[in-house]
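Asks: Pasting the sequence and the predicted model now:
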Amino acid sequence: MSLEKIYILGIESSCDDTAAAVICNGKVLSNVVANQKIHEEYGGVVPELASRAHQQNIVPVVHQAIAKAGITKHDLHAVAFTRGPGLMGSLLVGTSFAKSFAYGLGIPLIDVNHMQAHILAHYIDEEGFDKPTFPFLAMTISGGHTQIVKVNHYFDMEVIGETIDDAVGGAYDKSGKVLGVGYPAGPEIDKRAQQGNPKAFQFTKPKVDGLNFSFSGLKTAILYFVQRETKKNPDFVKENLNDICASIQYTIIGILIDKLKIASKQTGINHIAIGGGVSANSGIRQALKDGEQKFGWKTYIPKFEYTTDNAAMIAIVGYLKYLEDDFTSQDVMASARLKI
Ligand code: KG4
Ligand code: ZN
């Protein structure tokens, strides 16, 4: 019996990356991302500029994804798109495009929750990467979110902990602004952290009960620390940048791992996955791997290209929903605060 080939187009436009990907039966055929450089000069995403850039990028990005996959648009079985959460103006571009495209082709439309997609990216077929078995815990760490999710099945997820203020990626980006390392700051802080001493400076970890997180206090502590030290020595940041980055990273990873330890103990689940932009971080990837030996965890660390925002993760959710005939109608609307 020959297996039918199901081609799904995924479209992602929730924040500042315009992305499109084609997946065939769980395997990625193309994964195109257009980053919006325009935000770098503002030190953060400017929503109005993001939606304008999506508008410019969406047609060429989708075109490229289909061409790179070696198919034509008529081979597609469904169009999956990010419905939310995200910036409304950005989401609207992807949502409207996906609706018209699916309608024009006469194929089903599938709505995808961006945060579920960061988790379900682990179900993309990739050599050398295991797919998590249910139930497992997923920590989603990105620019806008920090959550611990108990994943009972693909679409049966329960948020058991989340940030009460800033997201961990936001803490990286805001600290980076104070240190003058550009936007987004996560990758640069990570790179410098690897050359610095993680114990050079101490930052107090926030005290938040249970499985919730808080990063706003840490962000303020870093700001005051830099202001205080710069008063004494105007070149303090320049002279100690790697050590400062290493110390910030050490503190953040400590916070994340502490919560995962509690979550694992509370739920009795020792299969642990990470997802989202911050899961690209070398420190958290290593700390998770170490957890296998230290705490008896089985960990799932995503392939690098599926950590930050991408459309392959949207397409895989599209495929999983396609298999369940879980389609949406043309009346669907983007939802900035869509919950898991
Ligand atoms: O998932 P993502 O691409 O977008 C959101 O949904 O928010 O995550 C972007 C976030 C940014 O805050 C960026 O600084 C952070 O991920 N990030 C990192 C690294 N790479 C990206 N943070 C720490 N270390 C990294 N290597
Ligand atoms: Zn994301």
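Replies: Structure's in. What do you need? Ligands and ions are numbered 1, 2, ... in the order given.

Asks: what's the model's confidence in whichever helix in the chain runs longest, averaged?
Replies: Longest helix in the chain by number of residues (criterion: DSSP state H): helix 236-267. Helix 236-267 shows a mean pLDDT of 98.

Asks: can you check stretch 150-169 too?
Replies: 97.

Asks: Can you give the distance of that stretch from its chain's centre?
Replies: The chain centroid and the centroid of stretch 150-169 are separated by 12 Å under CA atoms, centre = their mean, to the nearest Å.

Asks: same question, stretch 121-135
Replies: From the chain centre to the centre of stretch 121-135 is a distance of 16 Å (CA atoms, centre = their mean).

Asks: distance between the ends of it?
Replies: The first and last residues of stretch 121-135 sit 16 Å apart, counting by CA to CA, to the nearest Å.

Asks: Quick check: which ranges of the chain have low pLDDT?
Replies: For the chain, the stretches flagged by pLDDT under 70 are 1-2.

Asks: any idea how far the spatially most distant residue from the centre of it lies from ligand 1?
Replies: In the chain, counting by CA atoms, centre = their mean, residue 232 sits farthest out from the average C-alpha position, at 38.3 Å. Per CB to the nearest ligand atom, to the nearest Å, residue 232 is found 29 Å from ligand 1. All C-beta atoms are positioned from the backbone trio N, CA, C, and that covers glycine.

Asks: residues from the stretch 101-250 of the chain in reach of ligand 2?
Replies: Within the stretch 101-250 of the chain, the residues that sit near ligand 2 (CB under 5 Å from the ion) are residue 142.

Asks: what are the ranges of the helices in the stretch 101-250 of the chain?
Replies: 114-120, 168-179, 186-193, 216-232, 236-267 (DSSP state H, counting those that start in this stretch).

Asks: CA atoms only for the shortest one - export them in PDB, please.
Replies: Going back to what we said before, that points to helix 114-120. Taking Å, rounded to 0.1, in the frame of the first residue of the first chain, the C-alpha atoms of helix 114-120 are listed here in PDB:
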ATOM      1  CA  HIS A 114       1.600  29.700  18.000                       C
ATOM      2  CA  MET A 115       2.500  28.500  21.500                       C
ATOM      3  CA  GLN A 116       1.200  25.000  20.800                       C
ATOM      4  CA  ALA A 117       3.300  25.000  17.700                       C
ATOM      5  CA  HIS A 118       6.500  25.800  19.600                       C
ATOM      6  CA  ILE A 119       5.700  22.600  21.600                       C
ATOM      7  CA  LEU A 120       4.500  20.400  18.700                       C
END
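
Asks: For ligand 1, give me its nearest residue in the stretch 201-340 of the chain.
Replies: residue 277 (2.0 Å; CB to the nearest ligand atom).

Asks: since we're on residue 127, how many residues are nearby?
Replies: Residue 127 has 5 neighbours, counted by other CB atoms under 10 Å.

Asks: do you know how far it is from residue 31?
Replies: Applying CB to CB, to the nearest Å, the value for residue 127 to residue 31 is 15 Å.

Asks: Likewise for residue 321?
Replies: In terms of CB to CB, residue 321 sits 19 Å off from residue 31.

Asks: List the contacts of residue 155.
Replies: Contact analysis of residue 155 by CB atoms under 8 Å, 6 or more residues apart in numbering lists 116, 320-321, 326.

Asks: repeat for residue 214
Replies: For residue 214, the contacting residues are 163-166, 206, 208, by CB under 8 Å, 6+ apart.

Asks: now the residues you listed in JSON lines, with distance to residue 260 and neighbour count?
Replies: Formatted as JSON lines, the contacts of residue 214 follow (distance: CB to CB, whole Å; neighbours: other CB atoms under 10 Å):
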{"residue": "163", "distance to residue 260": "14", "neighbour count": "20"}
{"residue": "164", "distance to residue 260": "17", "neighbour count": "14"}
{"residue": "165", "distance to residue 260": "19", "neighbour count": "16"}
{"residue": "166", "distance to residue 260": "19", "neighbour count": "20"}
{"residue": "206", "distance to residue 260": "16", "neighbour count": "17"}
{"residue": "208", "distance to residue 260": "14", "neighbour count": "17"}
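
Asks: okay, among those, which ones form the most distant pair?
Replies: Farthest-apart pair in the contacts of residue 214 is 166 and 208; separation 12.1 Å (CB to CB).

Asks: So which of the helices of the stretch 101-250 of the chain is the most surrounded?
Replies: Mean neighbour count, computed with mean count of other CB atoms under 10 Å, is highest for helix 114-120 among the helices of the stretch 101-250 of the chain, reaching a mean of 27.

Asks: Show me the contact partners of that one.
Replies: Helix 114-120 has contacts (CB under 8 Å, 6+ apart) with 12, 14, 82, 84-86, 138, 140, 142, 145, 147, 149, 151, 154-155, 157, 273, 275-276, 309, 313-314, 316-317, 320, 338, 340.

Asks: so of those residues, which ones are in strands?
Replies: Counting by DSSP state E, those place 12, 82, 84, 138, 140, 147, 149, 151, 157, 273, 275 in strands.

Asks: The third one bridge partners, please.
Replies: Put plainly, it is residue 84. Judged by DSSP bridges, the bridge partners of residue 84 are residue 113.
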